[in-house]
Structures are given as C-alpha cells and as structure tokens.
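A.B. asks: I'd like to go over a predicted model; first the sequence, then the structure.
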Amino acid sequence: MSEMKSSETSLVDFSDSIGPMVVKELRQGLRTRAFTWAFVIVQALLLLFMMSGFSEYSDSRATAGSFWVLLQVTLLFVMPLRGLNALNSEVRLNTMELISLTRMSAWRITAGKWLALMSQSVLLAVAVLPYIVLRYFFGGMNVLAEIVLLFVVIGLSGLLTALMVGLSVVSNFLIRCFFTVPVVILTMQFMWASVDRVTRGDGVAPFHLGALGWAAIVPAAIFLGYYLLDMAASRIAPEAVNYVTRRRLAGFVAFLVALAIAHLQGISAYLFYPFFFFTLLALDALSEHPPTVPSVYAPFRRIPLGRVLENFLAPGWFSGMWFVLLLSVLFASAAVLLPDVWTNSGISSEGHGVSLILGFTASALLPLAIMLLTRPAHPQPIVSYCLIAIFMGTISATLIPFVERGEVPALAWLGMVLPPVSTYAALNDALDVEAVLLAEGIQVCVLLFSIAVVIWKWKRLRQGMKDWVL
C-alpha cells in the first residue's frame, strides 16, 4: 500500500532534481488566472481558426496569419510581461529575507523565476504543435520555415522574459516602462514582419540570415539573457557576495569579440554590436553601489596586480568608471588602427569616429557625476542614474535641431555642455572648424569634470564620512 502511494506521489509531484525556486514558482504560476486564461483562450481561438480554415471557402494565408499572431502575442507579450514584477514583489512583500534563509543564492533565485516563466511559455508552445501538424496535412504551409519561426519565437520569448525579470528589481515604474516600451515596439515590428513572410510563403527573416548572421545574433542573445539575469541577481544579493567581477569579465570578452567581428568583417552594420555592449556595460557599471564589506576586496589583494584589477573589476561606480574608460580607449584605438569599417559607414575614423566614442563616454559619465552631486544616497542608484540620463537625453533632443541648421543660436551654444549636443555638433559638417573644435573641447571638459567628481566622492567615501549613507 505504501509503495502504491509513493508511486502515485512521484507521478504528480516534481522531481527532487528540480530547483526549489522553480518548483515554488511553477506551482504558483500554473494556478494563476493569467496563465489559465491565456492557455484556455489560445486553445479556443486556435481551434476556431482551424475549424474555419478547413472549409472550402477559407483563406489559408489568413488562417496562417491569425495562427502566428495569436501565438506570438501570447509568447512575446503576455508571458514575458508576467516577469516584470517577479523580483519586485518579493522585495515589496519583504519575503526576500525569508527566501535567503533557505541558503539559495541570489542567482538561483533569479534563474529559478526565469526558468519557471519559460517553462510555462514552452508548455504553451508545445500545446499548439497539434495545430501545426493539422495545417501540414491540409497543405499550404512551409514546414521548415514555420518550425524555424517557432524556435525563434521561443528563443525571443526567453530573452524578453530575462529582460523583464532583470527589470523587476527596479522599484521605479517609469524606468521599467522606459526600457519596456521600446522593446515592445521592436517586438511588434518583428511579429508583423515574420507573419507577413509566413502568409506569403517566403519563410521568415531569421531563416535567411545565413551562417554569419546566426553566428552573430544567437550568441549575443544568449549572452544578453545571462547578463540581464546576473544583473538582477547582484541587485538582490547580500553586499558581501560579488557577482560583478565575473560579469564584467564576461562583458569585456563579449565587447572585444563584437569589436573584432565588426572590424574583421568590414561591415558597418556590425558596429551596432560594440556600441550596444558598451552602452549595456556602462549602464550596469556606473549604477552600482560600492560595497563597504572588506571581504569583497580581499580576493583582489591575494593575487599579483590585484590592486590594479580592483580598480576595474571590483563592484561599485568608482571601478565602473575606470572600466568604462578602458572600454572607450580600446574602442577609440580600434577606430584609429582599423578604419575600414568606419569608412564604409561614412564616418572618418581619424576624427569623427573618435569624437563619437568620446561623446558616448562623456554621455555615460555625466549622469553619474550629477547623481553623486545631488542624490548619492539613493537606495537604487540605477533609478537616479536613468532618470538623469533620460532628462539629459530629452533636453539634448530638443537642442540638436538648432545645431542641425548650421547656425548655432545662444541656446544651442549653452546646450553644448550636454555630451549628445556637443557630439552632434562635432560630427556636423555644416559647422565651421572653430565650432567643431569648440564642441570637441567641451566633450573633453565634461569628461574630465565627471572623472574629477567621481574621484572626489570616492575619496570622501573611503574616509568614512558619517553623513554618507549607502
């Protein structure tokens, strides 16, 4: 009798090999109304589409379009958006301390929540496979293209879920919307483009990327998903736990690989990758609290050149500044020594390329300097950093049209202190040489000012001032 009960329990319960956080989130997630209604509605609508598509008056292209629109809306919008409150709810309800008592690391907690959400998404994707088989038997579909599209949608769903789980540690709703809205717009463009190609029988865009395109996109997407989850884990981890060093090393390697691919291929479109990694690494490195626990710095002092590595790889915005400056120097050096890809993109490597990288660096450091001068004790520095960067970007977008006309009024000259405005002025061929040199000089001054502020605040922090609250 006991053997029968144990066998029945093994059939209905999760295996012990599955992480406890995954089990907890799956048990809660599968019972929520959001997943239940999403599953039921998808099955009902797909059944309706299939029944209407089997009639002699049906349009196979319309049926295929409706099928993929419904599936992508569910996997790319409904399911990932559920992760936007995954970690924030634990912090808000004060249950993170209770979870930490289970000796689970912050990484296991974050990865467990992501894996639970992805398991539900995969369950929905597997549930629609019978409808794909039915459409195959009734003809009018490109089997290989639609299978590729299904895997691409599942992979993109995993990346979007990682993004939402990573953003869930940010308490400010405005910041979460600022990063979510552009991603939703790009996802909608991908959805309509892929549905259009499927309904025309031309396959999907990712299927025509070629080996080089797949080799560039797939590893970058996998790394981005890991990086976002690790960022979230470091934000909820205890101060004595260091996730930053390994993440910066991984990001540094990814940046070098992206830089090498862009210059070896000589294709200007591949410059997007090093600029994207530079922006991601700068946002992460410049919005971290410097830890006050001595054990975090101890491993650096046990190895040769540990003091030097500490200035680049230790947690905190001070080492993050030097890390960003190192990336910018490597980027500018590649622009000078390997000018082919810059020439193909219409940018002079000797002048405009370096000025563009200098503007990116100054644009990344100035919000940090303003944050340290105004709100250095914010519990989440990424909130202050992003709010200042958004405000600075909005003002710059307002002033840039004045510079674009070639005649710079007094208001635009005043706006030159903002790195985006001065960068645009330095790249604007309509201005005279004196205006371009002035814009580049302002970039250098803003960069030096930001470095000076960060060093000054770091020295005050190390002196142990009582009015500094971390």
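C.D. replies: Great, that's in hand.
A.B. asks: alpha carbons only for contacts and neighbour counts from here, please
C.D. replies: Fine.
A.B. asks: so what does the longest helix along the chain touch, helix or strand wise?
C.D. replies: In the chain, assigned by DSSP state H, the helix with the most residues is helix 433-462. Packing contacts for helix 433-462, counted by 3 or more C-alpha pairs under 8 Å, 6 or more residues apart in numbering; DSSP states H and E, involve helix 317-337, helix 354-374, helix 419-427.
A.B. asks: One more pass at 10 Å, please.
C.D. replies: With contacts taken as 3 or more C-alpha pairs under 10 Å, 6 or more residues apart in numbering; DSSP states H and E, helix 433-462 sits against helix 317-337, helix 354-374, helix 410-414, helix 419-427.
A.B. asks: what is the orientation angle of it with helix 317-337?
C.D. replies: Inter-element angle recorded for helix 433-462 and helix 317-337: 150 degrees (by axes from the mean of the first three to the mean of the last three C-alpha atoms, to 10 degrees).
A.B. asks: thinking again about what came up before, take the helices and strands packed on helix 433-462 and write them to a markdown table, including mean neighbour count.
C.D. replies: Listed next are the helices and strands packed on helix 433-462 as a markdown table, based on neighbours: other C-alpha atoms under 10 Å:
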| stretch | mean neighbour count |
| --- | --- |
| helix 317-337 | 20 |
| helix 354-374 | 22 |
| helix 410-414 | 14 |
| helix 419-427 | 26 |
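A.B. asks: weakest of those by average pLDDT?
C.D. replies: For the helices and strands packed on helix 433-462, mean pLDDT drops lowest on helix 410-414, to a mean of 71.
A.B. asks: Can you classify Pro291 as helix, strand or coil?
C.D. replies: coil (DSSP: H, G, I helix; E, B strand; the rest coil).
A.B. asks: Neighbours of the closest residue to it other than its chain neighbours, how many?
C.D. replies: For Pro291, ignoring the flanking residues on the chain, the nearest one in space by C-alpha to C-alpha, 6 or more residues apart in numbering is Glu239 at 6.1 Å. The local packing of Glu239 (other C-alpha atoms under 10 Å) involves 17 other residues.
A.B. asks: Toward the C-terminus, what is the element adjacent to whichever strand or helix holds Asp230?
C.D. replies: Take DSSP states H and E as the rule and Asp230 turns out to sit in helix 210-236. Using DSSP H and E, the helix or strand that follows helix 210-236 towards the C-terminus is helix 244-265.
A.B. asks: quick one: that following helix to helix 210-236, angle?
C.D. replies: Going by the same axes, to 10 degrees, helix 244-265 makes 160 degrees with helix 210-236.
A.B. asks: What is helix 244-265 packed up against?
C.D. replies: Looks like helix 244-265 contacts helix 210-236, helix 272-285, helix 306-313, helix 317-337, helix 340-344 (3+ C-alpha pairs under 10 Å, 6+ apart).
A.B. asks: Distance from the chain centre to it, please.
C.D. replies: 15 Å (C-alpha atoms, centre = their mean, to the nearest Å).
A.B. asks: For that helix, C-alpha coordinates in PDB please.
C.D. replies: Taking Å, rounded to 0.1, in the frame of the first residue of the first chain, the C-alpha atoms of helix 244-265 are listed here in PDB:
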ATOM      1  CA  VAL A 244      30.200  42.000 -10.500                       C
ATOM      2  CA  THR A 245      33.700  40.800 -11.300                       C
ATOM      3  CA  ARG A 246      32.700  37.700 -13.300                       C
ATOM      4  CA  ARG A 247      30.000  39.700 -15.100                       C
ATOM      5  CA  ARG A 248      32.400  42.500 -16.100                       C
ATOM      6  CA  LEU A 249      35.000  39.900 -17.300                       C
ATOM      7  CA  ALA A 250      32.300  38.300 -19.400                       C
ATOM      8  CA  GLY A 251      31.100  41.600 -20.800                       C
ATOM      9  CA  PHE A 252      34.700  42.600 -21.500                       C
ATOM     10  CA  VAL A 253      35.300  39.500 -23.600                       C
ATOM     11  CA  ALA A 254      31.900  40.000 -25.400                       C
ATOM     12  CA  PHE A 255      32.900  43.600 -26.200                       C
ATOM     13  CA  LEU A 256      36.200  42.500 -27.600                       C
ATOM     14  CA  VAL A 257      34.600  39.800 -29.700                       C
ATOM     15  CA  ALA A 258      32.000  42.200 -31.100                       C
ATOM     16  CA  LEU A 259      34.700  44.800 -31.800                       C
ATOM     17  CA  ALA A 260      36.800  42.100 -33.600                       C
ATOM     18  CA  ILE A 261      33.800  40.900 -35.700                       C
ATOM     19  CA  ALA A 262      32.900  44.400 -36.700                       C
ATOM     20  CA  HIS A 263      36.400  45.200 -38.000                       C
ATOM     21  CA  LEU A 264      37.200  41.800 -39.500                       C
ATOM     22  CA  GLN A 265      34.000  41.700 -41.500                       C
END
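A.B. asks: quick one: pLDDT of Ser15?
C.D. replies: 65.
A.B. asks: So which of the helices and strands packed on helix 433-462 is nearest Asn172?
C.D. replies: helix 354-374 (16.0 Å; C-alpha to C-alpha).
A.B. asks: right, and the helix or strand after that closest one?
C.D. replies: Scanning onward from helix 354-374 (DSSP H and E), the first element met is helix 381-404.
A.B. asks: what's the angle between that following helix and helix 317-337?
C.D. replies: Going by the same axes, to 10 degrees, helix 381-404 makes 40 degrees with helix 317-337.
A.B. asks: which helices and strands does helix 381-404 pack with?
C.D. replies: Using 3+ C-alpha pairs under 10 Å, 6+ apart, helix 381-404 sits against helix 173-199, helix 272-285, helix 354-374, helix 410-414, helix 419-427.
A.B. asks: Serialize the helices and strands packed on helix 244-265 to TSV and add fields for distance to Trp68.
C.D. replies: Converted to TSV, those look like this (distance: least, C-alpha to C-alpha, whole Å):
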stretch	distance to Trp68
helix 210-236	22
helix 272-285	29
helix 306-313	45
helix 317-337	41
helix 340-344	38
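A.B. asks: Of these, which shows the lowest average pLDDT?
C.D. replies: Among the helices and strands packed on helix 244-265, helix 340-344 carries the lowest mean pLDDT, a mean of 63.
A.B. asks: before we move on, back to that, output the helices and strands packed on helix 381-404 in CSV; the columns should cover distance to Leu70.
C.D. replies: Listed next are the helices and strands packed on helix 381-404 as CSV, based on distance: least, C-alpha to C-alpha, whole Å:
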stretch, distance to Leu70
helix 173-199, 10
helix 272-285, 31
helix 354-374, 40
helix 410-414, 48
helix 419-427, 40
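A.B. asks: hmm, back to that, select, out of the helices and strands packed on helix 244-265, the one closest to Leu358.
C.D. replies: That would be helix 317-337 among those, by C-alpha to C-alpha, at 7.4 Å.
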